[in-house]
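K.L.:
this one's structure only:
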């Protein structure tokens with residue numbers, strides 16, 4: 001649970017850094033590119049410093065081991081196959097990570113911040129449902145109540161009568177929900193089958209692919225380089241990497257169906273408190289009520 005707490009703090013700090021950055025009208029593509037560059041560089045440093053790939057030997061055929069994943073529920077890949085798995089899943093996840101960011105920006109323009117934030121956060125339903133259906137990670141009755149309360153609190157924080165009046169289920173917001181959910185689920189897909197020792201290889205390829213795609217868009221859009229935006233992106237990259245790093249670690253001991261609601265609503269509490277104490281933002285009454293619900297939900301999910 002301690003790793004889940006660290007992942008939640010890192011996730012919330014990303015939002016707070018973006019909140020700070022928005023004061024300067026930064027270029028999101030440049031910030032994103034620098035963010036992924038930092039995360040990639042740190043992942044590479046951790047791999048090299050730990051000699052993670054030194055002496056790695058092929059003991060089994062990857063395809064032979066992969067076939068066992070389909071027949072054995074608790075099968076773990078060997079060291080060599082875990083690296084191959086990390087590369088494959090990491091490359092796919094990198095596309096999801098960047099695409100979810102792109103559609104978040106598009107959704108904000110089409111649907112507003114409130115609805116976009118809601119569906120982005122509700123993306124946790126995807127890893128939750130898959131973990132229940134595929135790996136039968138069933139929550140207890142009390143945890144179910146906590147999960148339901150956490151989802152209600154997400155809706156309360158993000159929605160208002162005005163946003164509901166304008167609500168229209170558009171393709172952009174559906175894609176945001178799916179892409180963000182799959183980006184989160186990719187952490188679980190690697191952790192469930194690959195050795196935890198090679199999670200840095202997975203993260204390396206996640207952020208390498210996301211960096212290359214964002215770099216393509218910077219070149220395509222002819223984005224002007226600004227040192228301030230680049231430095232903000234570098235700062236964001238540190239908690240961005242460690243969010244996934246600690247989340248994967250936490251999934252070794254916490255059920256996915258419980259971990260993701262805690263991760264999501266916990267970040268909401270920290271973001272709201274950070275906004276209040278750091279940026280002197282007043283908490284709306286509905287947010288105070290939602291935070292109260294979240295505290296109850298967190299207690300129930302940890303019983």
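P.N.:
Arrived safely. Quick caveat: nothing in here was measured; it's all calculated off a predicted structure.
K.L.:
any idea how far residue 96 lies from residue 153?
P.N.:
25 Å (CB to CB, to the nearest Å). Using the backbone N, CA and C atoms, a C-beta is placed for each residue, glycine as well.
K.L.:
cool, residue 192 as well?
P.N.:
28 Å.
K.L.:
again with residue 67
P.N.:
Noted for residue 67: a distance of 42 Å to residue 153, by CB to CB.
K.L.:
Who has more neighbours out of the two?
P.N.:
Using other CB atoms under 10 Å as the criterion, residue 67 and residue 153 rank with residue 153 on top: 28 against 12.
K.L.:
What distance do you get for that one to residue 118?
P.N.:
From residue 153 over to residue 118 the distance is 11 Å, taken as CB to CB.
K.L.:
quick one: the helices in the protein?
P.N.:
2-21, 28-49, 62-69, 79-111, 113-121, 125-135, 141-158, 161-165, 171-193, 199-221, 227-250, 256-277, 285-301 (DSSP state H).
K.L.:
Mind telling me which of those helices the model trusts least?
P.N.:
Ranked by mean pLDDT, the helices of the chain end with helix 161-165 at the bottom, a mean of 61.
K.L.:
ok so, going back, reformat the helices of the chain as a markdown table; add distance to residue 55.
P.N.:
Formatted as a markdown table, those follow (distance: least, CB to CB, whole Å):
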| stretch | distance to residue 55 |
| --- | --- |
| helix 2-21 | 27 |
| helix 28-49 | 14 |
| helix 62-69 | 18 |
| helix 79-111 | 10 |
| helix 113-121 | 42 |
| helix 125-135 | 32 |
| helix 141-158 | 42 |
| helix 161-165 | 56 |
| helix 171-193 | 22 |
| helix 199-221 | 15 |
| helix 227-250 | 23 |
| helix 256-277 | 32 |
| helix 285-301 | 41 |
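K.L.:
closest one to residue 56 among those?
P.N.:
Nearest to residue 56 among the helices of the chain is helix 79-111; the distance by CB to CB comes to 6.0 Å.
K.L.:
Can you read off the pLDDT for the closest residue to residue 260 other than its chain neighbours?
P.N.:
Nearest non-adjacent residue to residue 260, counting by CB to CB, 6 or more residues apart in numbering: residue 124, 4.1 Å away. In this model, residue 124 is scored at 84, pLDDT.
K.L.:
Please verify my assumption that residue 124 contacts residue 258.
P.N.:
No. Checked against CB atoms under 8 Å, the pair residue 124 and residue 258 is beyond contact range at 10.8 Å.
K.L.:
Can you tell me the centre-most residue of the protein?
P.N.:
Per CA atoms, centre = their mean, the C-alpha nearest to the average position across the chain is that of residue 184, at 4.7 Å.
K.L.:
my read: it touches residue 260, true?
P.N.:
Yes. With contacts counted by CB under 8 Å, residue 184 reaches residue 260, the gap being 6.5 Å.
K.L.:
Can you check which residues contact both of the two?
P.N.:
124, 127 (CB atoms under 8 Å, 6 or more residues apart in numbering).
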